[in-house]
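# Prediction below, plus the sequence it came from.
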Amino acid sequence: MELNVNGAAVYAYSGGKTFDAALPCVVFVHGAENDHSVWVLQSRYLAHHGFGVLALDLPGHGRSGGAPLASVEAIADWIPAVLDAAGVKAAALVGHSMGSLVAIECAARHPARVAKIALLGSAFPMKVSDELLTATRDDEPRAQDMVNIWSHAAIAHYPSNPGPGFWVMGEGLRLMQRQKPGVMHVDFAACNAYANGEAAAKEVKCPALMILGRRDVMTPPRAAKAIAAALPAVRTVEIAGSGHALMAEKPDEVLDTLRAFL
Amino acid sequence: MAGPRYPGFDTLALHAGQQPDPTTGARAVPIFQSTSFVFRDTDHAAALFNMERAGHVYSRISNPTVAVLEERMAALEGGVAGLATASGQAALHLGLATIAGAGCHVVASRSLYGGSHNLLHYTLRRFGIHTTFVNPRDLDAWRAAICPNTRVLYAETLGNPGLDVLDVPAVAEIAHAARLPLFLDCTFTTPWLMRPLDLGADLLMHSATKFLGGHGVAIGGVLVDGGRFDWEASGRFPELTEPYDGFHGMDFQEESTVAAFSLRARREGLRDFGACMAPATAFQILQGIETLGVRMERHVSNTRKVVEFLASNPAVASVSYPELPSHPDHALAKRLLPRGCGAVFTFEIRGGRPAGRKLIETLKVFSHLANVGDAKSLVIHPASTTHFRMDDDALRAAGIGPGTIRLSVGLEDPQDLMDDLSGALRASQKA
């Protein structure tokens, strides 16, 4: 579905059902250089199980127009405008990687609009190596390969995503290649520059869930400890055998954990 | 500083798509000889049917053994998904039927495997899909044949029977300028000789019966989705970009930004046409793929020796192989096929049909049959077999001479192949 957010067209996948603002709302926020489709199974399931689902394409990503927002804080302040456009008072925010930082910051800044937060593949600080950050600016294909290789813990996945016969690493690369030139650097620079994670986490009042890949080398579980310690009410689940691309590598485990929390 | 890198070709050929079986520890790919798979509960069943969870329901739609083959081929080609089918013909049909229907048009190379030509020229026409055939070397002809209702450009990476090397980047550019995908039959090249997605192609198919399986034991096909073509931006593919009543109003492009084609091909094509691959077949083809790199290297090195031998034999009028300077696509082959031009080629024997017949009947190591891409060397003489009803003029129109012999060079000791050919060529000249 298309939302008009502050005059700009924003795309949100509603899980294959017409969005109903009267249902408990779950907003999915993707990570850097991605779009809504990283959540396809989880968002589709929840949409068919009693939730109103908005899996967003952030500004400048996927089908959403405009330029990418340049900071985690800016995206966090944009989320309430999305909720306004959809007619939603408060929603659970589910964020992956950069999206997880958005969820923390948004919950701290706009507590009345955020009912719960689920953080996948999260870390703070989310420092990006100089080599990768430079590559996102100067050599996107190389940066995409680096991120894609580091994001996957295995070269075979069962039951794969979105179903058998799909090559998860191939999909990961192509999805990044579909984003507009320049988006990748804005996203990674935003992750790298975000300094308020621990302070924001302390301000979060709502229940929180962390889902971490035990074999994640982009945001390893140890790098999530500071956030987990700062969040007042958090449950942490580590998924064995998963890297950073949790939703594709372990779709059932992610869904079951999310469903129990939401 | 060297960055991270993807696993290499041979590693993917052995590992992509499969981990040791978590229940039994089996290292080889198990044959899941089961039509159907038990649901955990009713909610799990409903979620699988509605594509809210991934998993297997019924082996016509997907099967764990077949899925390993599909994912491995997608990995080897650098695509996003694979779909295994009952045969190469079924893969071609599935690919075309997913994006074209009655009233649609295809532009295809005229240098195609006869079965593909039959499907396009006769059978699909009966279902309202029309094809214009063009000389694959004539880029202007490709451009000129595109109509408002064209949905796809189709060709072989190495064409039949003259091994025309397709200028993949150039034809892809023509296709993309018209907002159309380029669909290629890669049977003769396999991903070891060429990765056409890297050159601009969008959809690939293989007759897995040939070099992928490699041992002449199983019929199968594979379709690979490159994941790069933007169906939405093209505006020509409502099958992928508008709600599909046949699957709960699903808009496949919304579900998957990069794999809409594969979703529709599986959810409609495998479901409704039903030309699925059997799990035992997938296992046999996977055994072949595990050694694809090693075998193709030997296929090519044997072929080079046989080509060189034939080119200097007095009983041979000409040899058609793109690595020879005399082949019209020699320069293109050097650019696009640096690892070799495969193991199937033709030569012209002096003495026409009688000589061809005598050669076939004298060969001992080469097997006379209608297949290519086996570990064993194969031979066929079209004028006395597949095309025996045609007179010499009709043969010429089909690009075949009365003395044309097609070889598929196998993995035997190359000296034995040359000795076999040497004796048979000598005998042929006395026919």
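Received it, and whenever you're ready, just let me know what you need.

# Which positions in stretch B:96-109 come out as buried?
Residues B:96-100, B:104-109 are the ones in stretch B:96-109 that count as buried (16 or more other C-beta atoms under 10 Å in any protein chain shown). Glycine gets a C-beta too; all of them are placed from N, C-alpha and C.

# list the contacts for residue B:143?
Counting by C-beta atoms under 8 Å, 6 or more residues apart in numbering or on different chains, residue B:143 makes contact with residue B:174.

# quick one: low-confidence parts of the stretch 1-150 of chain A?
Judged against pLDDT under 70, the stretch 1-150 of chain A has no low-scoring part.

# How many residues are close by the nearest residue to residue A:128 once chain neighbours are set aside?
Of all residues not flanking residue A:128 in the chain, residue A:192 sits nearest, at 4.2 Å (C-beta to C-beta, 6 or more residues apart in numbering or on different chains). By the criterion of other C-beta atoms under 10 Å in any protein chain shown, residue A:192 has 17 neighbours.

# Kindly report the same for residue B:149.
Residue crowding around residue B:149 was assessed by other C-beta under 10 Å; the count is 13.

# same thing with the one 3 residues further on?
When neighbours are counted by other C-beta under 10 Å, residue B:152 registers 24.

# mind checking the SS state of it?
Under DSSP: H, G, I helix; E, B strand; the rest coil, residue B:152 falls in the strand class.

# Please pull up the helix or strand immediately following the longest helix seen in chain B.
In chain B, with assignment by DSSP state H, the single longest helix is helix B:292-311. Per DSSP states H and E, the first helix or strand lying C-terminal to helix B:292-311 is strand B:316-320.

# immediately after that next one, which helix or strand?
Downstream of strand B:316-320 (by DSSP H and E), the next one is helix B:330-336.

# Can you give the distance of that next one from its chain's centre?
Distance of helix B:330-336 from its chain centroid, counting by C-alpha atoms, centre = their mean, to the nearest Å, is 20 Å.

# tell me which residues of that helix are tucked away?
The neighbour-count check on helix B:330-336 (16+ other C-beta under 10 Å) flags B:332-333, B:336 as buried.

# Output that helix as CSV - backbone C-alpha positions only.
The C-alpha trace of helix B:330-336 is given here as CSV (Å, rounded to 0.1, in the frame of the first residue of the first chain):
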residue,chain,number,x,y,z
HIS,B,330,36.1,-17.1,-33.1
ALA,B,331,36.8,-13.6,-31.7
LEU,B,332,33.6,-13.6,-29.7
ALA,B,333,34.3,-17.0,-28.3
LYS,B,334,37.7,-15.8,-27.1
ARG,B,335,36.0,-13.0,-25.3
LEU,B,336,33.0,-14.8,-23.8
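
# Touching it from outside, list them.
Against helix B:330-336 from outside (C-beta under 8 Å, 6+ apart): B:165, B:167-168, B:194, B:199, B:322-324, B:327, B:341.

# could you flag which of these are buried?
Buried members of the contacts of helix B:330-336, counted by 16+ other C-beta under 10 Å: B:165, B:167-168, B:194, B:199, B:322-324, B:327, B:341.

# one step back: would a markdown table of the buried residues of stretch B:96-109 with secondary structure, distance to residue A:70 and pLDDT be doable?
As requested, those are exported to a markdown table (DSSP: H, G, I helix; E, B strand; the rest coil; distance: C-beta to C-beta, whole Å; pLDDT from 0 to 100):
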| residue | secondary structure | distance to residue A:70 | pLDDT |
| --- | --- | --- | --- |
| B:96 | helix | 45 | 98 |
| B:97 | helix | 46 | 98 |
| B:98 | helix | 40 | 98 |
| B:99 | helix | 39 | 97 |
| B:100 | coil | 44 | 98 |
| B:104 | coil | 45 | 98 |
| B:105 | strand | 46 | 98 |
| B:106 | strand | 46 | 98 |
| B:107 | strand | 45 | 98 |
| B:108 | strand | 48 | 97 |
| B:109 | strand | 48 | 96 |
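
# Can you add distance to residue B:390 and give those back as JSON lines?
As requested, the buried residues of stretch B:96-109 are exported to JSON lines (distance: C-beta to C-beta, whole Å):
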{"residue": "B:96", "distance to residue B:390": "28"}
{"residue": "B:97", "distance to residue B:390": "31"}
{"residue": "B:98", "distance to residue B:390": "35"}
{"residue": "B:99", "distance to residue B:390": "34"}
{"residue": "B:100", "distance to residue B:390": "31"}
{"residue": "B:104", "distance to residue B:390": "31"}
{"residue": "B:105", "distance to residue B:390": "29"}
{"residue": "B:106", "distance to residue B:390": "26"}
{"residue": "B:107", "distance to residue B:390": "26"}
{"residue": "B:108", "distance to residue B:390": "22"}
{"residue": "B:109", "distance to residue B:390": "21"}
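
# Between those, which sits nearest chain A?
Proximity of those to chain A (C-beta to the nearest C-beta) peaks at residue B:98, which lies at 13.9 Å.

# residues touching the nearest residue in space to that closest one that is not next to it in sequence, list them.
Nearest-residue entry for residue B:98: residue B:265, 4.4 Å, with adjacent residues in sequence omitted and distances by C-beta to C-beta, 6+ apart. Residue B:265 sits next to B:83, B:94-95, B:98, B:223, B:225 when contact means C-beta under 8 Å, 6+ apart.

# Residue B:217 belongs to a strand?
No - assessed with three-state DSSP, residue B:217 is coil; it does not lie in a strand.
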